[in-house]
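J.: predicted model, plus sequence, below.
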Amino acid sequence: SLTIGIVGLPNVGKSTLFNALTKNDVLAANYPFATIEPNVGVVGLPDPRLAKLAELYDSQKVIPAPVSFVDIAGLVRGASKGQGRGNAFLANIRDASAICQVVRAFSDPNVVHVDGKVSPSDDIETINTELMLADLQTLEKALPRLEKEAKLRKERAPIAAAAAAAAKLLNEGTTLYAGAAAAGIDVADLRELHLLTTKPFLYVFNVDEEELANAEFLDELSALVAPAEAVFMDAKVESELIDLPEEEARELLESIGQPEPGLHQLIRVGFRTLGLQTYLTAGPKEARAWTIPVGATAPEAAGVIHSDFQRGFIKAETVSFTDLMEAGSMAAAKAAGKVRMEGKDYVMRDGDVVEFRFNV
Ligand code: GDP
């Protein structure tokens, strides 16, 4: 499954955040792989629609979409040269599909900053530089071989050209995710090289709780990473929220002017950064969200439930969540003409409530 790798300098709050995330883990029972490794956490995508569906269908269970996070320790200055746990770190991060960088913006003088001062922009640069250096190393190692291959087999030429262009871009200080398209590089040509900076990024700014309501401050931080998405939270507050009964947690959030835990936002933004969306199914047994890539067709969506559903796909009886709720029941939605019979070319939309028809 697709995972989000959490990186950041030491002492920025990564473990605090990761522990809060995984304590939140309602999915461990449903997803056995959740407990395979101590640094992997599988958490449920918060989706208020599921509870409403479960009410409508009197479902026994609610099953949210799983989102995997992996805590990638060991990113320090010089990691690309093998400093710290350099190599283990690089192997771990290569497997992640998106990179979530935790950035310290809290001021606590009792928590030592590795570089002696709190500077989000410097920290972001340090991390980005390490990732770019790692990619440059990979490219410099591969280029002589790729160039040889390109001379022997012309279908290898685009790969060698893309690798050379990528090295140039990185030398200019631009990540591939930010700059490849503008430089005319097709990242698909680079896939075999497993580069780090081709992955989509998102940022968590770990801020003091008083700053969460300071829009000007948060806007400045957002501007550092735009167009990548930024999530703001106080990791310490988040770790306290996890241990509180629901009512008290709500009160604490209200007292700091937050509509929901920062972790919920992080999970949602992470999921979106992976290029994923969900469709929904409901019945007396369960109300459930299923994960599909944005752009998936109806048969592909059916295949996520079972490969037989995809193979024998006939059609998808589909209603949008909003229409279903407005109508008040599936029968009423049908009577109102809101339920569509979609065929094999239908491109799924987030929040479609679906029942598949298929041949066995
Ligand atoms: P990591 O090295 O990035 O995993 O950082 P940790 O999660 O271990 O946090 C380092 C220290 O900073 C610990 O003492 C945490 O309690 C503290 N810390 C983490 N988040 C916050 C925060 O939001 N505010 C404050 N004041 N301290 C924090």
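T.: Noted; the coordinates are in hand. Residues are numbered from 1 along each chain as shown.
J.: please make it C-alpha for all contacts and neighbour counts, starting now.
T.: OK.
J.: select the longest helix from the protein.
T.: For the chain, the longest helix by residue count, based on DSSP state H, is helix 120-152.
J.: average pLDDT for that helix?
T.: What helix 120-152 shows for mean pLDDT is 94.
J.: buried residues, that helix. List them.
T.: Within helix 120-152, the residues scored as buried using 16 or more other Cα atoms under 10 Å are 120, 123-124, 126-136, 138-139, 143, 146-147, 149-150.
J.: same thing with stretch 343-351?
T.: Y346, M348, R349, D350, G351.
J.: hmm, L276 is touching G295, no?
T.: No: using Cα atoms under 8 Å, L276 is not in contact with G295; the gap is 9.1 Å.
J.: count of neighbours near R104?
T.: Around R104 sit 27 other residues, with neighbours defined as other Cα atoms under 10 Å.
J.: what's near enough to touch it?
T.: V12, G13, V118, S119, P120, F205, N206, V207 (Cα atoms under 8 Å, 6 or more residues apart in numbering).
J.: now swap in M330 and tell me
T.: L324.
J.: state the distance from it to the ligand.
T.: Separation of M330 from the ligand (Cα to the nearest ligand atom, to the nearest Å) stands at 45 Å.
J.: show me the contacts for P245.
T.: Contacts of P245 (Cα under 8 Å, 6+ apart): none.
J.: per-residue pLDDT, it?
T.: 91.
J.: quick check: which ranges of the chain have low pLDDT?
T.: 1, 24-38, 74-88 (pLDDT under 70).
J.: report the central residue of it.
T.: What sits nearest the mean C-alpha location of the chain, by Cα atoms, centre = their mean, is G270, with 2.6 Å.
J.: element containing it, please.
T.: Element membership for G270, per DSSP states H and E: helix 262-273.
J.: quick one: contacts of that helix?
T.: The contact list for helix 262-273 (Cα under 8 Å, 6+ apart) reads 4, 21, 43, 45-46, 67, 98, 100, 200-202, 204, 229, 231-234, 238, 277.
J.: the helix or strand just after that helix vs helix 262-273, what angle?
T.: Tracing the chain past helix 262-273, the next element assigned as helix or strand by DSSP H and E is strand 276-282. Interaxial angle of strand 276-282 relative to helix 262-273 (axes from the mean of the first three to the mean of the last three Cα atoms, to 10 degrees): 110 degrees.
J.: off-centre distance for strand 276-282?
T.: 16 Å (Cα atoms, centre = their mean, to the nearest Å).
J.: okay, now the sheet partners of the helix or strand that it is followed by, with direction.
T.: Going down the chain from strand 276-282, the next helix or strand is strand 286-293, by DSSP H and E. Strand 286-293 pairs in its sheet with strand 61-63 (parallel), strand 276-282 (antiparallel), by DSSP bridges.
J.: just the CA atoms of the longest one, as CSV, please.
T.: Yep, that's strand 276-282 we're talking about. Output of strand 276-282 as CSV, limited to C-alpha atoms (Å, rounded to 0.1, in the frame of the first residue of the first chain):
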residue,chain,number,x,y,z
LEU,A,276,-6.0,9.1,-3.6
GLN,A,277,-9.8,9.4,-3.0
THR,A,278,-12.5,7.2,-1.7
TYR,A,279,-15.9,5.8,-2.7
LEU,A,280,-18.3,4.4,-0.2
THR,A,281,-20.4,1.3,0.2
ALA,A,282,-23.1,0.7,2.9
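J.: show me which residues of the stretch 1-150 of the chain are close to the ligand?
T.: Contact residues (Cα under 6 Å from any ligand atom) of the stretch 1-150 of the chain with the ligand: P10, N11, V12, G13, K14, S15, T16, F106, D108, V111.
J.: export those residues to CSV and tack on secondary structure and neighbour count?
T.: Converted to CSV, those look like this (DSSP: H, G, I helix; E, B strand; the rest coil; neighbours: other Cα atoms under 10 Å):
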residue, secondary structure, neighbour count
P10, coil, 19
N11, coil, 14
V12, coil, 25
G13, coil, 20
K14, helix, 24
S15, helix, 17
T16, helix, 16
F106, coil, 22
D108, coil, 10
V111, coil, 11
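J.: farthest pair in the residues you listed?
T.: With Cα to Cα as the measure, no two of those lie farther apart than S15 and D108, at 16.6 Å.
J.: tell me if L218 really is in a strand.
T.: No: looking at L218 with DSSP: H, G, I helix; E, B strand; the rest coil, it is helix, so not inside a strand.
J.: tell me the one among the buried residues of stretch 343-351 nearest to E247.
T.: G351 (28.3 Å).
J.: just say which of the strands paired with strand 286-293 is most tucked in.
T.: Of all those, strand 276-282 has the most neighbours on average by mean count of other Cα atoms under 10 Å, namely a mean of 21.
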